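Asker: using only what follows, build the 3D model:
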Amino acid sequence: MAAVFPAWITIMLLILETAVVMGGFPATLKLERSIPLASHELELSRLRERDRLRHGRLLQSSGGVVDFLVQGTYDPFLVGLYYTKVQLGSPPREFYVQIDTGSDVLWIGCNSCNGCPESSGLQIQLNLYDPGSSSTASLISCSDQRCSAGIQSSDSGCSGQSNQCSYTFQYGDGSGTSGYYVADLLHFTTIFEGSMITNSTAPIMFGCSMLQTGDLTKSDRAVDGIFGFGQQSLSVISQLSSQGTTPRVFSHCLKGNNGGGGILVFGEILEPNMVYTPLVASQPHYNLDLWSISVGGQVLSIDPSVFSTSNNQGTIVDSGTTLAYLADEAYDAFISAITNTVSQTVRPVLSKGNQCYLITSSVTDIFPQVSLNFAGGASMILNPQDYLVQQNSIGGAAVWCIGFQKIQGQGITILGDLVLKDKIFVYDLANQRIGWTNYDCKCKLPC
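Answerer: Numbers count the residues shown, from 1 in each chain. Below is the predicted model:
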């Protein structure tokens, strides 16, 4: 059962446009979810396809308390994305940007952009950033130390002809963007203890996109840019923490009910039952060391080396993935353990290659808890709704399917929204660890 006792957000909060927790203080971003498709009953195969594209989008590369009401819906059968608004420039202008933990850089579509969408199916007004219209904008040269740092992480490049710091990001699904870097002011509101509010700014470096290709050109779920939440030096988190404006940590709590939504905090949400596991060092994404999986208290007979981290293997936390994915060699053992546990009380069926079950009572009364056991003794407890998704009904029986999928022939395990929902997650980059605890994310913080 989700925890309901108070969760406290450390220090002061920044409110990026709407709300952001920054500095030694929390900052919160208002999250919104894109509009649902007309049909509620999307097939798991379509969700897998959406996640496949998302995984391709992971870049190819070797004193205050704040709570925010988040609009939108979490539902694995509603295809969407999380985005927020940022204010940049002088005078400040608003831009909608996708929250992306799989990349590092904040970039915005700029004027004269080739391929940038002009409208969005999300019913939001798209804007192009114009550095010439901001009195505080400046170009980043190749000699700038920030450009040199970005070159080391493959986040920037240099053109000797123009002496301008540039970037080209190519994604696995064939989409891409390229442009140049600018520096300008990020506007946010700082909330101190006692409800004192101060408008603040901080200079940041971000990308000015001049070219977009592939899915980035489509208007159905278009936003103004992408807000990278990775660990490298050019991420906004790293830039602000190096200025002493924010801590190098962020947190989220995503609602799992039909109301959906959630919060994203720049800062650490403190809650008594948090458990932490170390991040795997020297990885471009948020990799964790998964040791074993238990079903109904029984550890599955899976070789631990299946989960070890290498170039094409490992366990990644990714809030942009809808479902969850198990390494190919662990998948069958997991499915068999679930099925064997419930086969006397439900009817197992296969639906288009997915393991499903016909159920006439509550899944919580029938299905076992699952535990993902990580380095340091941290276990992530999954209730049935954290690994099952309801697809439809047949003759009065509900059809529930295993939400964990596998990527054929791949050793990658990805923990997406199906697993992350109804939990507080803390990405503590300063201490190179990730923590979590079950939590009622419908409840405003502090509860």
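Asker: okay, CA-based contacts and neighbour counts for the rest of this
Answerer: OK.
Asker: just want the most central residue of this structure.
Answerer: The C-alpha lying nearest the average C-alpha coordinate of the chain belongs to residue 319 (CA atoms, centre = their mean; 2.9 Å).
Asker: and that one, how far from residue 284?
Answerer: Note on residue 319: its distance to residue 284, by CA to CA, to the nearest Å, is 15 Å.
Asker: before we move on, back to that, wait, the residue nearest to the centre of the chain touches residue 419, no?
Answerer: No. Residue 319 lies out of contact with residue 419 (CA atoms under 8 Å); the separation is 9.3 Å.
Asker: picking up where we left off before, the residue nearest to the centre of the chain belongs to a strand?
Answerer: No. Counting by DSSP: H, G, I helix; E, B strand; the rest coil, residue 319 is not part of a strand but coil.
Asker: got the contact list for it?
Answerer: Taking CA atoms under 8 Å, 6 or more residues apart in numbering, we find residue 319 in contact with 100, 101, 415, 416, 417, 420.
Asker: could you check how far it is from residue 147?
Answerer: From residue 319 across to residue 147, the span is 28 Å (CA to CA).
Asker: over to residue 345?
Answerer: For residue 345, the distance to residue 147 - CA to CA - is 61 Å.
Asker: more neighbours, these two?
Answerer: Counted by other CA atoms under 10 Å, residue 345 and residue 147 do not tie: residue 147 has more neighbours, with 24 against 14.
Asker: tell me which element that one falls in.
Answerer: Using DSSP states H and E, residue 147 sits in helix 145-152.
Asker: what helices and strands are in contact with that helix?
Answerer: Applying 3 or more CA pairs under 8 Å, 6 or more residues apart in numbering; DSSP states H and E, we find helix 145-152 packed against strand 157-159.
Asker: and the helix or strand following the strand it packs on, what's its mean pLDDT?
Answerer: Beyond strand 157-159 on the C-terminal side, the first helix or strand identified by DSSP H and E is strand 164-170. Average pLDDT, strand 164-170: 91.
Asker: now swap in stretch 211-220 and tell me
Answerer: Here stretch 211-220 scores 92 as its mean pLDDT.
Asker: then stretch 116-124?
Answerer: Rounded mean pLDDT across stretch 116-124 is 90.
Asker: how far does it sit from its chain's centre?
Answerer: Centroid separation between stretch 116-124 and its chain, computed with CA atoms, centre = their mean, to the nearest Å, is 21 Å.
Asker: now swap in stretch 375-393 and tell me
Answerer: Using CA atoms, centre = their mean, the offset of stretch 375-393 from its chain centre is 18 Å.
Asker: in it, what's buried?
Answerer: Within stretch 375-393, the residues scored as buried using 16 or more other CA atoms under 10 Å are 375, 378-391.
Asker: span of it from start to end?
Answerer: 40 Å.
Asker: touching it from outside, list them.
Answerer: By CA under 8 Å, 6+ apart, stretch 375-393 touches 41-43, 76, 275-278, 288-291, 324, 363-364, 367-374, 398-404, 418-419, 421, 436-437.
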